[in-house]
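[1] what's the 3D shape of this:
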Amino acid sequence: MTKVRSLWPRRRGGKTAKNAAVPPDTSGPEARITPTDPADCLRACALHGDRLVAGDDRKRTELAGKLRHLRTVQDSAQNAAGGREASGAGGQLDGELLDALLAVGTKAMECGDGEELRLALLITDTVLTQRKASRAAWRLRARTLEALGDETAAIEAYERYLELTTEDRFGVAPRLAGLRIAARRQGEMLQLLARACPPAESFAGGPADDLWAEGIRLHTGGEREQAEPRLVGALLAMGRAGRPVLELQNAVGQYLDLRMEGAGGDASALSELIGHYAEQRRNRMRPPLADPTFGGVDWISLGELRNLITGKSVCLVANSESLGRSALGPEIDAYDLVVRFSSYRIDAAATGSRTDIHATSHEHGHNWDRPVTTRIVYGGASEEWRYSLRERLVSGAQRYVADESLRWPLRHIGGIGWDAWPSVPTSGFNTLWLLDFLDVSPTLDLIGFDFYESGVHRLPGAMRVPLTSERERAAEKAWVMERAQSVTDMRISLR
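    Next up, the predicted model:
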């Protein structure tokens, strides 16, 4: 893949671009905006598009498509203006051109590479030069700054976005809360390092990279007492200099590896340090669910779900009519964990009465108020999935909610693409695949799974929800039967 060289136009730092709609503020996140002419930004986009080679990179392929669309919109606007250049120096960004430019910025940010991130930031500078109240631009700016590791500026941009919106559809508030907690934990982590190694302060004023290299050299040579203050001093210097978050995290992670290799020093201090390190990483990866909105709910990740089910007998209960006519309730309730799906219906004698895990699609609104230990919500689109969680989770109805690592198991964990599995996996199949993949349950049984040959046993309000196609049901059945250890009329055992 050919990398794009730095093609960014020189921007007028400290001065307002000619005819800019609003002069720059002298405080707050607006002070960080570099006034930029639309024409300069559009030329940078065109140059980036000319030099971009997408190859097999899906995200860059999508960016290339957005850049082509932007150029088409520019040409159309130019033709409409009688041949004059669309959005020349000091020109206005309106309508379709503004939307196309923000779409390029979003795709550039998603690429995550330095050149693309700088392009996304340039676009937000351009839009916010003219439209200081653009919610889309502030959110894009915050996400871009976060990806660049400038967390302080990202927090300011997220705050401005929330000031401008009345409906937080994208979950910015919990994201902001997570970043604030992470920043506080990072500060506490650095303070703990400074207290645990007082000599480090004498080194913390030096060049962090040189200190780090020297500390690693000494540690490798067995001079750990001399290495320790230099390594800690380098970490303190990185934190105080505001180095990118990922860079500091990686350095602290390497330092912890070195400390655990030596297994010396204050074990309690090391344990506390690891706790701060884990907490700041966790909150950056998955923001907290705000309390009291969800009544003390905790996220649960792939690893935590594994711990939850390890060594326990699990049954997955189908929403089939054959189950509704059965008398398997007591047998179902005898399993350690009972898993049910979407619009399940409880008839205790037939279906059992207990539900430990409720797995559903973010599009389905049934049974979210039913008390369960864990709720797993599946969805292909991240933003729609997050919006559904905020809209549908009921306070006190669950102890744990699966985080985004479990949002789409077949695709994201299994890496099984559309060519290998062309259908949209159902909630039941996603869950079954996930539990089979984790492979930590001595008993994994499917109860009542006749793949709807007998009809459906659902809540009355869900009876009109269409079933998956016969072809899709056949594919899921074939997958199950290939792995079945024993099969009866009402029970399929995979273990």
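[2] And whatever helix or strand E225 lives in, what does it pack against?
    Counting by DSSP states H and E, the element that carries E225 is helix 224-240. Judged by 3 or more Cβ pairs under 8 Å, 6 or more residues apart in numbering; DSSP states H and E, the packing partners of helix 224-240 are helix 172-196, helix 208-220, helix 245-262. All C-beta spots, glycine's among them, are computed from the backbone N, C-alpha and C.
[3] tell me which residues of the first one are tucked away?
    For helix 172-196, the buried set under the neighbour-count rule, 16 or more other Cβ atoms under 10 Å, comprises 172-183, 185-186, 188-190, 192-194, 196.
[4] Please spell out the segments of the stretch 151-300 of the chain that come in under the pLDDT threshold.
    Scanning the stretch 151-300 of the chain with the threshold set as pLDDT under 70 gives 262-268, 288-296.
[5] ok, back up a step: buried residues in the helix holding E225?
    With the criterion 16+ other Cβ under 10 Å, helix 224-240 contains buried residues 224, 227-239.
[6] nearest residue to L273 other than its sequence neighbours?
    Excluding the flanking residues, the one nearest L273 by Cβ to Cβ, 6 or more residues apart in numbering is L192, at 5.6 Å.
[7] so what's the residue nearest in space to the middle of the chain up against?
    Closest residue to the average C-alpha location of the chain: E404 at 6.0 Å, with Cα atoms, centre = their mean. By Cβ atoms under 8 Å, 6 or more residues apart in numbering, the contact list for E404 reads 286, 382, 385-386.
[8] Low-confidence ranges, the stretch 1-150 of the chain, go.
    For the stretch 1-150 of the chain, counting by pLDDT under 70, the residues that fall below are 1-27, 54-56, 81-91.
[9] Show me the helices in it, by range?
    For the stretch 1-150 of the chain, applying DSSP state H, counting those that start in this stretch gives helices covering 38-51, 58-80, 95-111, 114-130, 135-148.
[10] So which other helices or strands are in contact with the longest strand seen in the chain?
    For the chain, the longest strand by residue count, based on DSSP state E, is strand 372-378. Here strand 372-378 touches helix 302-309, strand 357-361, helix 382-392, strand 398-402, helix 427-438, going by 3+ Cβ pairs under 8 Å, 6+ apart.
[11] Quick check: which of those is nearest to S469?
    Each of those was scored for nearness to S469 using Cβ to Cβ, and the closest is helix 427-438 (13.1 Å).
[12] could you point out which element follows the closest one?
    strand 444-447.
[13] Helix 427-438 and the very next helix or strand once past that next one, what's the angle between them?
    Toward the C-terminus, strand 444-447 is succeeded by helix 470-483 as the next helix or strand (DSSP H and E). Helix 470-483 and helix 427-438 meet at an angle of 20 degrees, taking axes from the mean of the first three to the mean of the last three Cα atoms, to 10 degrees as the criterion.
[14] which of the helices and strands packed on strand 372-378 is buried the deepest?
    Ranked by mean neighbour count under mean count of other Cβ atoms under 10 Å, the helices and strands packed on strand 372-378 are led by strand 357-361, which reaches a mean of 24.
[15] That strand pairs with which strands?
    strand 337-341 (parallel), strand 372-378 (parallel) (DSSP bridges).
[16] and it with helix 302-309, angle?
    Angle of strand 357-361 versus helix 302-309, following the same axes, to 10 degrees, is 140 degrees.
[17] and strand 357-361 with strand 398-402, angle?
    50 degrees.
[18] Dump strand 357-361 to PDB, keeping only the CA atoms.
    C-alpha atoms of strand 357-361 as PDB (Å, rounded to 0.1, in the frame of the first residue of the first chain):
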ATOM      1  CA  ILE A 357     -28.900 -15.400  30.100                       C
ATOM      2  CA  HIS A 358     -31.200 -13.600  27.700                       C
ATOM      3  CA  ALA A 359     -29.700 -13.200  24.200                       C
ATOM      4  CA  THR A 360     -31.500 -11.000  21.800                       C
ATOM      5  CA  SER A 361     -31.100  -8.700  18.800                       C
END
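[19] what does that strand contact?
    Counting contacts by Cβ under 8 Å, 6+ apart, the residues outside strand 357-361 that touch it are 337-342, 344, 366-368, 370, 372-379, 398, 427-428, 430-431.
[20] swap in stretch 424-432?
    316, 318, 339, 341-342, 357, 359-361, 364, 376, 378, 380, 408-411, 433, 446, 449, 468, 472, 476, 479-480.
[21] Tell me which of the helices and strands packed on strand 372-378 approaches R139 most closely.
    With Cβ to Cβ, the closest approach to R139 among the helices and strands packed on strand 372-378 belongs to helix 382-392: 10.8 Å.
[22] Next up, the contacts around M260.
    By Cβ under 8 Å, 6+ apart, the contact list for M260 reads L270.
[23] Quick check: it vs E146, distance?
    To E146, M260 is 29 Å away according to Cβ to Cβ, to the nearest Å.
[24] again with L235
    21 Å.
[25] I'd like the average pLDDT over stretch 419-436.
    The average pLDDT within stretch 419-436 is 89.
[26] Compute the first-to-last residue distance for it.
    Its start and end residues considered, stretch 419-436 measures 21 Å (Cα to Cα, to the nearest Å).
[27] ok, and what's touching the host helix or strand of Q280?
    When secondary structure is defined by DSSP H and E, Q280 falls within helix 267-285. By Cβ under 8 Å, 6+ apart, the list of residues contacting helix 267-285 from outside reads 178-179, 181-183, 185-186, 188-189, 192-193, 196, 245, 249, 252-253, 256, 259-260.
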